[in-house]
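Trainee: Take this sequence and fold it.
(one chain, ligands or ions: 2)
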Amino acid sequence: DYYTSIVSLIDLLEAEMQVIGFLEQYMEAMEEISRKANETLSELAYASQEADEDPEEYYENPLNAYKIISRFVIDWKKLNETVFDGTHAAAYTANLTELDSKEGYTAPTQEDLKGASKGLARLQRTYQLATIDVAEGDLKEMNYGQNFSTSECYWLGRSLYEAGDFKYASEWLIQARIRLAEELRASNDVPEFKEIITDVQVLELLAAALFYLGKSNLASFFNDEILAQEPTNENALKNQLLYLNKAHAERNAVRVVDEANNYLQRTELDELFDQTCNGDRQQTPREKRNLRCRYVHNNVPFCRLAPFKKEELSHDPPIAYYHETIYDNEMARIINATEHMVERSMVGDSKQSGYSEVRTSQNTWLNLTENAFLHKIAQRLRDVTGLSLESGESLQVANYGIGGHYGAHYDFSEEDDPDEDYDGQGNRLLTALFYINEVELGGGTAFPYLRLLAPPIRGSMIVWYNLHKSLELDYRTKHGGCPVLVGSKWICNEWFHIVGQEFNRPCGLEQDGYKSLPWKGLH
Ligand SMILES: O=C(O)CCC(=O)C(=O)O
Ligand SMILES: [Fe+2]
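Mentor: Ligands and ions are numbered 1, 2, ... in the order given. Alright, predicted model coming up:
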C-alpha cells in the first residue's frame, strides 16, 4: 500500500510522470489533428460560402456542380476520417494499460486515500495541529506551502467521515466550505475538467459528522443552510426532524459520556502515548537528575581507543542512547539493500498476526550472518550490549511514511511459553534500535509510562532491557514509534533473546519483577 512507506510513493511519482508523458503525447497528436482539420474546414467553408452568395448563378457553372458533389464524396469523408481517427486514443489507452500491468505497480485505491487521510488526522491528534494551519501547509511553525484545495479538503473530510473520525472530518469539511466561498468570490470560472464540489455536498456531510459528534444543534444549523439553498432537498428534509429532536433531547438531558472524547475508542494509554510524543509528558527534573553522558568501553580493547558515547535516558529500567554507532556508508547500504524489499508490517505473534492501523510502516529483515557487511554491525551490537547474538533475530529494517507510527506495545511476548513464539530462544531480552536517517519532524520513540521521548538521531542507537534481571517481564517498557510529522523514518533493530546470556547478564538473586507489576494490565 502507498500510505505506509515513502519508497512506494517515489515509485508512484515515476508512474505519474509517465502518465503525464502519455497524455502529453496524446494531446500533441490531437492538436495536430485539430490544426489540420481546421485548415481543411476553412477551405471547405470558403467554397460553400462563395456558392451561397448566389447559388443559382454559381451552379450554372458545371465545374462548381461537380465540386460540391466531390466535396461530399471525397473531402468531407476524408476530413471525418481524420477527426474520428481512433489510433491515438487507442495508443494512449494501451500505454495506460501497460503501465497498470507493470510488474510491481498497482494504482492507488480508495483504501490508500483513506489510509493517508487517517495518517494526517493521526498527526493532528498527536501533535495537536489545528486543521486551519495544516490546510495552509503549516506544520508546527514550518510552512510547507502546500495549501489544500476545496476538493482536497472535501475528500479528506469525506474519507475521515467514512473512517468514523467525525471530529477531524468536520474540521476539514469546514475548511472545504471556507475555500469554496473564497473561490466563488474570486471568480466564476472553475477550471474545466476539475471536480466541482458544491456547498450542499459539503454541508450534508458536515451536518452528519456534527450529529455523530453529539453536536445536534450545529448539525441542525447546517442542515437549515442546505434547505435555504435547496428547499426541496429530500435528505435535508428528512434529517431536519432527526437533528432537531436530538438537539431538543440533549438540551434536557445530562450528558453521561463525552462522545467527542469517546470517538475512535481511544484509550487512556493512547492519550499518554500522544502526550509523550508531543512533549506534554516529560520526565521530571528529579528523574533526570542522575542521568549522565559518558564514554564507555565495556572492556573491549578497541573501545578503549574509540569508546562508545553513551547517554543515559533511564536507570531503571536501563535505557540509553549510544551515539555515532553506525557509519554513513552502513546506513546507506542498509537502506539501499532494503528499500525495494520492505512490505507492510504486521502485528501479533506467531499464532495470530495481521495488518493493523496500530502499526503503519513497512519492514523487512536482513540476516546478520549472511550479509558480510553486517558482520561489523553485529560485532558492534555485541560490544555495546555485552550480550551474545547466538539467539538474536535477523536485523529488522523498517520505514514509516505519511503519519506512519507504531502504537504503544511490548517487544516481549506475554505468552505463558514465549519459547513457542521464538523457536526456543527465550523471550526478547534487549532491544537495540538504530536510527538510520534524518527525520525532519516527529518520529521519536516514546515510553509513555516512563514519560520518556527519544528523538530519532541519525547514527544513534537506543538500547533497553525488556526483562528484569530475574527475567520477569518489565511492564514499564511499553513503547512505540511516534507518528512521523515531516520526512520519512528509517530504523533498524535487533532483538537479543535470553538463551546464551547466562554469563553475560547473570540473573539477579532476587525476584525483582514486583517493581513493574503495577504497570501490568494497565490500560
Ligand atoms: O519506531 C520506533 O521508534 C519504535 C519501533 C519499535 O518499537 C519496534 O519496531 O518494535
Ligand atoms: Fe518495539
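Trainee: Nearest to ligand 1: which residue in the stretch 251-400 of the chain?
Mentor: Residue nearest to ligand 1 within the stretch 251-400 of the chain: Ala398 (6.0 Å; C-beta to the nearest ligand atom). Just so you know, the C-beta spots here come from the backbone N, C-alpha and C atoms, and that holds for glycine as well.
Trainee: didn't that residue look like it was pressed against Arg359?
Mentor: No: Ala398 is beyond contact range of Arg359, at 9.2 Å (criterion: C-beta atoms under 8 Å).
Trainee: which one of the two has more residues nearby?
Mentor: Ala398 (25 against 22; other C-beta atoms under 10 Å).
Trainee: before we move on, the earlier item: quickly list what's touching both of Ala398 and Arg359.
Mentor: Ser345 (C-beta atoms under 8 Å, 6 or more residues apart in numbering).
Trainee: Buried residues, stretch 329-349. List them.
Mentor: Glu330, Met331, Arg333, Ile334, Ile335, Thr338, Glu339, Val342, Arg344, Ser345 (16 or more other C-beta atoms under 10 Å).
Trainee: Can you say which two of the residues you listed are spatially most distant?
Mentor: Glu330 and Arg344 (25.4 Å; C-beta to C-beta).
Trainee: Give me the spatial nearest neighbour of Glu324, chain neighbours excluded.
Mentor: Gly459 (5.3 Å; C-beta to C-beta, 6 or more residues apart in numbering).
Trainee: quick one, what contacts the one you found?
Mentor: By C-beta under 8 Å, 6+ apart, the neighbours of Gly459 are His323, Glu324, Thr325, Ile326, Tyr327, Asp328, Met331, Phe434, Tyr435, Ile436.
Trainee: What segments of the stretch 351-500 of the chain are strands?
Mentor: Under the criterion DSSP state E, counting those that start in this stretch, the stretch 351-500 of the chain contains strands at 353-354, 362-366, 395-400, 406-409, 428-435, 441-442, 445-447, 452-454, 461-465, 479-481, 484-486, 489-497.
Trainee: a markdown table for those, including mean pLDDT?
Mentor: Shown next, in a markdown table, are the strands of the stretch 351-500 of the chain (pLDDT from 0 to 100):
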| stretch | mean pLDDT |
| --- | --- |
| strand 353-354 | 85 |
| strand 362-366 | 94 |
| strand 395-400 | 95 |
| strand 406-409 | 95 |
| strand 428-435 | 98 |
| strand 441-442 | 90 |
| strand 445-447 | 98 |
| strand 452-454 | 97 |
| strand 461-465 | 98 |
| strand 479-481 | 97 |
| strand 484-486 | 89 |
| strand 489-497 | 97 |
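Trainee: Dump those strands into TSV; add distance to Gln124 as well.
Mentor: Output for these, formatted as TSV (distance: least, C-beta to C-beta, whole Å):
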stretch	distance to Gln124
strand 353-354	26
strand 362-366	23
strand 395-400	17
strand 406-409	16
strand 428-435	24
strand 441-442	12
strand 445-447	17
strand 452-454	18
strand 461-465	27
strand 479-481	17
strand 484-486	10
strand 489-497	18
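Trainee: mind listing what's buried in the host helix or strand of Leu242?
Mentor: Using DSSP states H and E, the element containing Leu242 is helix 234-252. For helix 234-252, the neighbour count (16+ other C-beta under 10 Å) marks Ala236, Asn239, Gln240, Tyr243, Leu244, Lys246, Ala247 as buried.
Trainee: now do stretch 380-400
Mentor: Buried, per 16+ other C-beta under 10 Å, within stretch 380-400: 380-385, 387-389, 391-400.
Trainee: out of the strands of the stretch 351-500 of the chain, nearest to Arg179?
Mentor: strand 484-486 (23.0 Å).
Trainee: center of the protein, which residue is that?
Mentor: Ile402 (2.9 Å; C-alpha atoms, centre = their mean).
Trainee: Not counting its neighbours along the chain, what's nearest that residue?
Mentor: Counting by C-beta to C-beta, 6+ apart, the residue nearest Ile402 is Gly119, at 4.4 Å.
Trainee: Which helix or strand contains the one you found?
Mentor: Here Gly119 sits within helix 110-127, counting by DSSP H and E.
Trainee: Pull the residues that contact that helix.
Mentor: So helix 110-127 is contacted by 1-4, 129-131, 134, 139-140, 155-156, 159-160, 162-163, 165, 168, 274, 277-278, 357, 360, 401-405, 442, 482-483, 485 (C-beta under 8 Å, 6+ apart).
Trainee: Over to stretch 281-293?
Mentor: 272, 275, 309-315, 448, 450-453.
Trainee: for Asn278, what are its contacts?
Mentor: Thr126, Tyr127, Gln128.
Trainee: residues from the stretch 351-500 of the chain in reach of ligand 1?
Mentor: Tyr406, Asp411, Thr445, His479, Gly480, Gly481, Ile491, Asn493 (C-beta under 6 Å from any ligand atom).
Trainee: Repeat the analysis, applying 8 Å as the threshold.
Mentor: Residues of the stretch 351-500 of the chain lying close to ligand 1 (C-beta under 8 Å from any ligand atom) are 361, 363, 396, 398, 400, 405-406, 409, 411, 431, 433, 435, 443-446, 454, 456, 479-482, 489, 491, 493.
Trainee: measure stretch 453-462 end to end?
Mentor: Across stretch 453-462, the terminal residues are separated by 11 Å (C-alpha to C-alpha, to the nearest Å).
Trainee: Tell me how far that stretch lies from the chain's centre.
Mentor: 21 Å (C-alpha atoms, centre = their mean, to the nearest Å).
Trainee: Where does the prediction get shaky in this structure?
Mentor: 187-193, 250-264 (pLDDT under 70).
Trainee: Where does the record place the domain boundaries for this structure?
Mentor: Per the record, the chain has its domains at 6-100, 110-262, 287-519, by automatic domain parsing.
Trainee: Would you mind measuring the gap between the ends of the first one?
Mentor: Spelled out, that is domain 6-100. 20 Å.
Trainee: before we move on, the earlier item: now list the buried members of the residues of the stretch 351-500 of the chain next to ligand 1.
Mentor: 361, 363, 396, 398, 400, 405-406, 411, 431, 433, 435, 443-446, 454, 456, 479-482, 489, 491, 493.
Trainee: just to revisit the earlier point, contacting residues for the residue of the stretch 251-400 of the chain closest to ligand 1?
Mentor: Residues in contact with Ala398 (C-beta under 8 Å, 6+ apart) are Val342, Ser345, Ser361, Gln362, Asn363, Trp490, Ile491, Cys492, Asn493.
Trainee: Run a quick neighbour tally on the fourth one.
Mentor: Other residues within reach of Gln362 by the criterion other C-beta under 10 Å amount to 23.
Trainee: Kindly state the beta-bridge partners for it.
Mentor: When bridges are called by DSSP bridges, Gln362 pairs up with Arg344, Asn399.
Trainee: Roughly how far does the residue nearest to Glu324 sit from Asn329?
Mentor: Using C-beta to C-beta, to the nearest Å, we find Gly459 at a distance of 12 Å from Asn329.
Trainee: Repeat that for Pro62.
Mentor: 88 Å.
Trainee: Residue of the stretch 351-500 of the chain closest to ligand 1, please.
Mentor: For the stretch 351-500 of the chain, C-beta to the nearest ligand atom, closest residue to ligand 1: Gly481, 2.6 Å.
Trainee: Hmm, that residue is touching Thr445, no?
Mentor: Yes: contact status for Gly481 versus Thr445: in contact at 6.0 Å, counting by C-beta under 8 Å.
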